[in-house]
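**Student:** sharing a model prediction with you, sequence too.
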Amino acid sequence: MGNWLFFIKRPLVLLGIAFILTLLLSSFAYSPSLEEESEPQKVLYDENHNVVALAPFPPSAKFPIGSDLDGNSFLLKIIEGAKYTIGLSIVVAFGRMLLSFVGGIMLYLLPGPFRITLTGLADSLHYAPLTVFTYILIAPVVVVFSWSYDTSTKIIYPMIILMLVSVPVLSIYIMNELNAITKKEFIASSRIMGGGFFHIYRKHVVPFINPKLWLLFVQQVGQVLIIFAHLGLLKVFIGGTDIRVIEYDQKTGEPIKAAFSMSNEWAGLIAQNFQYATSYPWMVLAPVSAFALTILSINCIVYELKNPIILKKQRKKRQAEKVRESHSVTPESFQFKG
Amino acid sequence: MTNLPVKTFLLQTIVSFVLTSFGILLIGSLPYLFFNMKGQIAVLKLIDEKKLNNTVGLYDSLVLNYKEYFLHIAHTVESIFSGGFIEYYARGSEHTLFPEFFGIYLHSMLYLTVALIIGLFTAVMLTVFTMYLSPGKRRIPKAIIFLVESLPDIFIILLIQLLIIWIYKKTEILLLNITSGFDEEAIVLPIMVLAILPAVYIHKHLLLSFEEEEKRPYVELALGKGLKRTTILVKHILRNSIITLFNHFKSIFWFALANLLMLEIIFDMPGFMTFIYENGVVNPELLTYGLFMVFIPFFIFFTTGKWILDSLFDIGGGY
C-alpha cells in the first residue's frame, strides 16, 4: 500500500517509468517477430504501378517517423534499438555506481591529506568535457587503430572506460555524503556505545544514503545516455565499428556480423545517418528524439524524487480549509431556546 | 578580509593549481597507458603513406604500459617548457602546432566568452522579469526551464538548425548562415545557440536564489519603506545572488564547453574542440595542451573573482 501511494503522489515518476518500460517491453516483444517481416521496399508504387516515392520516405501514415535509405521504418528501428541503448546505459550506470561506492568508502576511510590530494587531482576532470575525454580513450580501439583489436575488446573496453571516467567525481560525491551523515550526533553516540564501522553503516548510514544512491543511479542512466548520444555524433558507438574495417573484411571474405548486431542502437543510428541531416532531417532527428524523450523521462523521475510532496501539501491545505468551514459560524449554528 | 588570511588563500590557490595541473597531465597521457601508441602510430603512418594496404595479420591487445605512460608525461612537460616548437601528426605529415592551434583557440574562446556574456545578460533580464510574476504564475517559466534543461543539448542544437533550414525552404529567407562557407563565416547564429543553454542554466540558478532572497526580512523592510520593486530586485536581491551564481559558474562553464563541441560538429564549423577531437587520438598531448589552455585563464579568472567577491562581501563575517 505504501509503495502504491508513492507512485500516485508522484505522477511524473510514474510517467517516466511507464515510458521507459513501454519502450523496453515493446523492444523485447518486437525482436522475435523480426524474422517474419517482409522485405523492405525501396520504392513505393501506386495502384497503376507508377513510382510514387523513393526511399528514404518522409514521415507519413505508413512510416510515422520516416524511413531509412532501404525503406525500413524508423519507428521499428528505434524500438528495436531501445533495448540495447537503454540496457547498455543501465549497465554502465550500475557499474559506475558500484565502483564509485567502493571508491567513496575507500576515500572516506583514507586520512585527510590523501583525500585532499585525490580531490584536487579529480578536479582536473572538470576542465575536460567528458565527451572529448571519453572519445580520446575509446576511439583508438573503435575507430583509429581499429585493425588491432577484436570485436569483444571493441565492446567491453568502451563500456569499462565509460564506467571509469565518472568514478573519480562520483566517488568524491559519495565520500562527501558519507562525511555529512557521519557528522551527525547519533553516529557519535553509536560509536561511543561501541558500534563498529559495519554496524554503524548498516544501521545508521544506510537509511540516509540509500535514497541518495538511488537518485544518483537514475541520474547516471541519463548522463550515460547523453554521452552515448554525443559519442554517436562523433561516430563512435558501442558494438559498432569503423567503415574502414568493414571494407577490409569484405576483401578477405570474412563477415563481421557481430559488429552489426547492434546497428539499430540509437547512437549508431545517429552516427550512420548524420551525413543526411540536412537532406533527410528525420533520419537524424528520429534517433536524437528517441534519446531526448528517454532522457526527458529520466529527468522527470529525478526531478520529482528531488522535489517531492507537492500534492501532499495541496491536500493538507484543502483539509485545513475543510476544518475552517466546519468551524465557521452560520445562521444555522444558532438555535432559539424556549 | 577578516576571516581568511592572505597567506592561507594563496597557499590554497597554489595547491589546487598544482594538483589540477598534475591531474591534467595524468589525463592527457592516458592513451599511452592503455595502448602501444608508438607501434600503432607507426602502422597508421604506413597506411597513410600507402605502403601498407592490408592489416589483416596485425593484432594488438590492451596493455598497461606504466613506463611509456610516465615517459610521455615527462615528454609533455618538457615540450610545454621548451616553448612553441611542438609538432603533431595529421593526414600523413607532421605539422607545427602553435601558431595554428593558438589562432583556433582564440577564435573559439571568443565565441564562448561572448556567448556566456550574452547568456548571462539574458538570464538576468529573464529572472527579473519572472520575479514580477506572482508565485503561482512562475510555474510556467519554471516548467519551460525544466523542459529545456532536461533535453540533451544535441537535440536542441539540431532542432534549431533544422528550424532555420525549414524557414529557408518555406520563405526563401535565410535567417542566418547555417554553416560556414568558404569565405563567409557564420558568427551570429553559433553564438546565439551557444548562449541559449547557459542562459537557461543561469536563469534556473538565479531564479532559485532570487526566490530564496525574496523571503528575507530586508526585502520586506525595503518594500515597507516604499522602495520600488525594480530597485529591490536589481539593486539588492541581484547583488546578494551573485555569490550563489558565481559558485555555479564552474559547472556552467564546463557545460558550455561541452556544448561548443556539439555546436562545432552540427554546424560544421571547425574550431578548438573539433581540432582536439580530430587530432587528439593520434596526438594525446593535444588534449593536455588544450586542457591547460582552457584551465589556466579560467583558473585566473575564477580565483580573482573569488578574491574580489570575498573581500567585497566579507563572507563569513556577515552571517
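**Tutor:** Perfect, I can see it now.

**Student:** use CA for all of it now, contacts and neighbours both
**Tutor:** Will do.

**Student:** quick one: the strands in the chain?
**Tutor:** No chain was given, so I picked chain A. Secondary structure of chain A (DSSP state E): strands at A:43-45, A:51-54.

**Student:** think we crossed wires, I meant chain B
**Tutor:** In chain B, the strands defined using DSSP E lie at B:87-90, B:93-96.

**Student:** so can I have a markdown table of the ones you listed showing distance to B:I167, mean pLDDT and mean neighbour count?
**Tutor:** Shown next, in a markdown table, are the strands of chain B (distance: least, Cα to Cα, whole Å; pLDDT from 0 to 100; neighbours: other Cα atoms under 10 Å in any protein chain shown):
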| stretch | distance to B:I167 | mean pLDDT | mean neighbour count |
| --- | --- | --- | --- |
| strand B:87-90 | 39 | 77 | 16 |
| strand B:93-96 | 42 | 77 | 12 |
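
**Student:** between those strands, which one is nearest to chain A?
**Tutor:** Evaluated over those, closeness to chain A peaks at strand B:87-90, with 12.1 Å, by Cα to the nearest Cα.

**Student:** the closest one near chain A at all?
**Tutor:** No: using Cα under 8 Å from any Cα of the partner chain, strand B:87-90 stays clear of chain A, coming no nearer than 12.1 Å.

**Student:** let's have the strands of chain B in TSV, adding distance to B:P190.
**Tutor:** Formatted as TSV, these follow (distance: least, Cα to Cα, whole Å):
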stretch	distance to B:P190
strand B:87-90	27
strand B:93-96	28
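
**Student:** can you check which of those gets nearest to A:V142?
**Tutor:** Among those, the nearest to A:V142 by Cα to Cα is strand B:87-90 (18.4 Å).

**Student:** can I get the CA coordinates of the closest one in CSV?
**Tutor:** What follows is strand B:87-90, C-alpha atoms only, in CSV (Å, rounded to 0.1, in the frame of the first residue of the first chain):
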residue,chain,number,x,y,z
GLU,B,87,54.6,19.1,-33.7
TYR,B,88,51.6,16.9,-34.3
TYR,B,89,50.9,14.2,-36.8
ALA,B,90,47.9,14.5,-39.1
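
**Student:** against which helices or strands is that strand packed?
**Tutor:** Applying 3 or more Cα pairs under 8 Å, 6 or more residues apart in numbering or on different chains; DSSP states H and E, we find strand B:87-90 packed against strand B:93-96.

**Student:** for the strand it packs on, C-alpha coordinates in CSV please.
**Tutor:** Provided in CSV are the C-alpha atoms of strand B:93-96 (Å, rounded to 0.1, in the frame of the first residue of the first chain):
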residue,chain,number,x,y,z
SER,B,93,52.7,14.5,-42.2
GLU,B,94,53.9,16.4,-39.3
HIS,B,95,52.7,20.0,-38.6
THR,B,96,53.9,22.6,-36.2
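
**Student:** partners of it in the sheet?
**Tutor:** If you go by DSSP bridges, strand B:93-96 pairs up with strand B:87-90 (antiparallel).

**Student:** roughly how far is the strand it pairs with from the heart of the chain?
**Tutor:** Distance of strand B:87-90 from the chain centroid (Cα atoms, centre = their mean, to the nearest Å) equals 25 Å.

**Student:** cool, stretch B:86-105 as well?
**Tutor:** That offset, for stretch B:86-105, works out to 22 Å (Cα atoms, centre = their mean).

**Student:** what do you get for stretch A:140-152?
**Tutor:** Distance of stretch A:140-152 from the chain centroid (Cα atoms, centre = their mean) equals 26 Å.

**Student:** what of stretch B:69-81?
**Tutor:** On the basis of Cα atoms, centre = their mean, stretch B:69-81 sits 25 Å off its chain's mean C-alpha point.

**Student:** now stretch A:185-194
**Tutor:** Using Cα atoms, centre = their mean, the offset of stretch A:185-194 from its chain centre is 39 Å.

**Student:** go on, stretch B:77-90?
**Tutor:** 24 Å.

**Student:** do stretch B:64-79 as well
**Tutor:** Put simply, stretch B:64-79 sits 27 Å off its chain's centre (Cα atoms, centre = their mean).
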